[in-house]
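Chemist: predicted model and sequence follow; I will ask about them next.
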Amino acid sequence: MSPQDKIIRPPALDLFTILNNDAGPELREILHRTYLYMAHQFRQELFAKAPTEHDECIRAVNIWITRLEMIRSALASFPMLKSECGTSTMAQSPTIAPSVYGNPARVPQVSPSQASITECLERDQYQCIITHRKFSKGFGIEAVPIIPFAFANHPGCRDLDFWKMLEMFYGSEATDTIFSGLLDKVDSLENLVTLDNSIHAGFNSGSFTLEPETETRDQIAVINDCIGGYWLNIRYTQTPLLPEDFLWIEGLSTGEIRKVYPWTRIAIGYHGGIPDHDSALPLASYFALRAFIFSLKDKPTIKRSNAPLPHAASLTPSPLSSVDFENQYSIQTATSESPSADPVLAASAILQALVDTGALGRSP
């Protein structure tokens, strides 16, 4: 190669730059939303210099286009799709080969068994863990899977794009562990939680997520060794928030209806009416996995600050009623140090939090 060739040759590019320039807008957005969460080997591959040989470079780019298409497909399939007739159906199921998976007459289970539903409702005292609404008060309640059945109702589900996508974030070995555990527990108390009908749609759409954390507010990851009780932190993914976007909770003593503001915490703990072992509780890792998937789906259409927002105590306009009877999930009560007792200070904190995240424009 002549000195002149070295001068006029463009500088070497990494695959990330090439994909950022050449991929379509949808795949480019997916790349930007997901690359920070990818396993180290994939990030290294993205930011390494692209092959200098043209055919090798095209091959490498095509591999990444295929990966991004897989992520797009996996995110679109979670948690369910709408059928042509308009009814809700679980995400796509793989083709099952009888010679591999046994009885050809076997039909994969698509919803919780009646026994599991009954156990879940009994565990949760026949009321929603968030709104506290009970079936006896005329509200419909459901035993809802945290991770939908379509993703682990049969060994063949491991071939779904959803699990192939997770390999890019957690690696093959960890993904196998997650899948095999869910395969055994998809129809168990560990994967079921009671919700009232009014918030089931929001739970499925991801308009809010339930993010698990410890008593000391340490986030519980998808891969964890958490044992026993924990907390669920409510995060709204749709901004700016409108009044109808908030969840509502019914006061336990007065019947008062209150909004559930962001970062409200729900305690998940043991109940006297169920066996005293870990499997009686929904697994924190399943809530963490669900929240992670929706964080990847959440389009960054609104500029948000990286700074953490105030905790629930400073966002709740008045202390939420503590549960004052035995064996009940509880909503965290605001502390006396919190400004939540003062409606004016609470309103200011909420408005400032929305401004900080870009949900509201700054004004004089």
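Modeler: It's in. Numbering: from 1, shown residues only.
Chemist: for this protein, give me the ranges with low pLDDT.
Modeler: Applying pLDDT under 70 to the chain flags residues 1-12, 81-109, 136-139, 239-241, 250-257, 270-279, 299-364.
Chemist: got the domain ranges for it?
Modeler: Following automatic domain parsing, one finds the domains of the chain at 10-76, 110-147+186-356.
Chemist: alpha carbons of stretch 173-183, as CSV, please.
Modeler: In CSV, the C-alpha atoms belonging to stretch 173-183 read as follows (Å, rounded to 0.1, in the frame of the first residue of the first chain):
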residue,chain,number,x,y,z
GLU,A,173,-25.7,-20.4,31.1
ALA,A,174,-27.6,-17.9,33.2
THR,A,175,-30.5,-17.8,30.6
ASP,A,176,-30.7,-21.6,30.8
THR,A,177,-30.9,-21.4,34.6
ILE,A,178,-33.7,-18.8,34.4
PHE,A,179,-35.6,-20.8,31.8
SER,A,180,-35.4,-24.1,33.6
GLY,A,181,-36.5,-22.6,36.9
LEU,A,182,-39.5,-20.9,35.3
LEU,A,183,-40.4,-24.1,33.4
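Chemist: which residues are in contact with that stretch?
Modeler: 147, 151-152, 154-155, 157-158, 163, 166-167, 170, 191, 222-223, 285-286, 289 (CB atoms under 8 Å, 6 or more residues apart in numbering). For glycine as for every other residue, the C-beta is placed from the backbone atoms N, C-alpha and C.
Chemist: and what of stretch 191-203?
Modeler: Here stretch 191-203 makes contact (CB under 8 Å, 6+ apart) with 112, 116-117, 119-121, 123-124, 126-131, 133, 139-147, 182, 185, 208, 247-248, 282-283, 286.
Chemist: in strands, which of these appear?
Modeler: 141-145, 208, 247-248 (DSSP state E).
Chemist: of these, which is the most crowded?
Modeler: When neighbours are taken as other CB atoms under 10 Å, the top entry among these is residue 145 (26 neighbours).
Chemist: tell me the contacts of residue 127?
Modeler: 133-135, 141, 194, 196.
Chemist: which one of the residues you listed has the most neighbours?
Modeler: Counting neighbours by other CB under 10 Å, residue 194 leads those with 25 neighbours.
Chemist: in what helix or strand does that one lie?
Modeler: strand 192-196 (DSSP states H and E).
Chemist: helix or strand right after that strand?
Modeler: helix 197-205.
Chemist: buried residues in that next one?
Modeler: Buried residues in helix 197-205, counted by 16 or more other CB atoms under 10 Å: 198-199, 202-203.
Chemist: any chance of those residues in CSV, with distance to residue 176 too?
Modeler: Output for those, formatted as CSV (distance: CB to CB, whole Å):
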residue, distance to residue 176
198, 37
199, 33
202, 32
203, 27
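Chemist: tell me which of the residues you listed is nearest to residue 213?
Modeler: residue 203 (18.2 Å; CB to CB).
Chemist: show me which of the buried residues of helix 197-205 is closest to residue 215.
Modeler: Nearest member of those to residue 215, counting by CB to CB, is residue 203, at 24.0 Å.
Chemist: so how far is residue 162 from residue 290?
Modeler: From residue 290 across to residue 162, the span is 12 Å (CB to CB, to the nearest Å).
Chemist: of these two, which one has the most company?
Modeler: Each of residue 290 and residue 162 had its neighbours counted (other CB under 10 Å), and the higher figure belongs to residue 162 (27 against 23).
Chemist: and that one, what does it touch?
Modeler: Contacts of residue 162 by CB under 8 Å, 6+ apart are 74, 77-78, 91, 151.
Chemist: neighbour-wise, which one of those leads?
Modeler: Result: residue 151 is most packed of those (other CB under 10 Å), 26 neighbours.
Chemist: wait, it sits on residue 159?
Modeler: No: the pair residue 151 / residue 159 is not scored as a contact, 11.3 Å apart, by CB atoms under 8 Å.
Chemist: helices of the stretch 201-350 of the chain, residue ranges please.
Modeler: 284-297, 312-315, 343-356 (DSSP state H, counting those that start in this stretch).
Chemist: actually the stretch 1-150 of the chain, not the one I typed
Modeler: Along the stretch 1-150 of the chain, counting by DSSP H, counting those that start in this stretch, helices occupy 3-8, 15-22, 25-34, 40-47, 54-76, 98-101, 114-123.
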